[in-house]
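[1] quick check, what structure comes out for this input:
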Amino acid sequence: MRLAVLCLPLLLLLAACAQQAPRDDGLYRALGEEPGIVRIVEGMLLGSARDPRIARHFRDIDIERLREKLIEQLCFESGGPCVYTGDSMEESHKGLRLTPSDFNALVEHLQDAMDAEGVPTPAQNRLLARLAPMRGQVIDR
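    I've put the predicted structure just below:
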């Protein structure tokens, strides 16, 4: 009887874990998996660096680290097999004084890069919806 009492919580926990839906990687696949995400991030960064509205924000940063962390983040947010190892959005944007216009310009370049990769509009919208909550963590920090 004592063994049954000890095993019951373990069995319930295992049953609950077995019923969880597997991680949905459909968005990750729609973005082209890691190679597609790399091209999207690089396209977004190139567009941003050429944009006089926001280029100044990319001048004095470690662009290679930024590229790496953006790839991790988009991979993770899209349901891919990555783990984001960067700083929080608040911490990484602290003191930058980004405006809504700055944020919107970056999103434009993200959309342009996804368009260039042939990412379908519904998949673009899914990614943007996953990233949208970060807006308040980035602007004016």
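
[2] please make it C-alpha for all contacts and neighbour counts, starting now.
    Noted.

[3] where do the helices sit along this structure?
    Ranges of helices within the chain are 2-19, 26-30, 33-50, 63-77, 89-92, 100-116, 121-131, 135-138, based on DSSP state H.

[4] need those helices in CSV (columns: mean neighbour count and mean pLDDT).
    CSV is the format used below for the helices of the chain (neighbours: other Cα atoms under 10 Å; pLDDT from 0 to 100):
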stretch, mean neighbour count, mean pLDDT
helix 2-19, 10, 39
helix 26-30, 18, 97
helix 33-50, 19, 97
helix 63-77, 18, 96
helix 89-92, 14, 88
helix 100-116, 17, 96
helix 121-131, 14, 96
helix 135-138, 16, 89
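
[5] as a markdown table, those with distance to residue 83 would be great.
    A markdown table is the format used below for the helices of the chain (distance: least, Cα to Cα, whole Å):
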| stretch | distance to residue 83 |
| --- | --- |
| helix 2-19 | 21 |
| helix 26-30 | 13 |
| helix 33-50 | 13 |
| helix 63-77 | 6 |
| helix 89-92 | 15 |
| helix 100-116 | 20 |
| helix 121-131 | 16 |
| helix 135-138 | 19 |
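
[6] out of those, which gets nearest to residue 56?
    Residue 56 lies closest, by Cα to Cα, to one member of the helices of the chain: helix 33-50, at 7.9 Å.

[7] chain center to that closest one: distance?
    Offset of helix 33-50 from its chain centre (Cα atoms, centre = their mean, to the nearest Å): 13 Å.

[8] neighbouring contacts of it?
    28, 31, 54-56, 58, 67, 70-71, 74-75, 80, 105-106, 109-110, 112-114, 117 (Cα atoms under 8 Å, 6 or more residues apart in numbering).

[9] that helix to helix 100-116, inter-axis angle?
    Angle, helix 33-50 to helix 100-116, by axes from the mean of the first three to the mean of the last three Cα atoms, to 10 degrees: 130 degrees.
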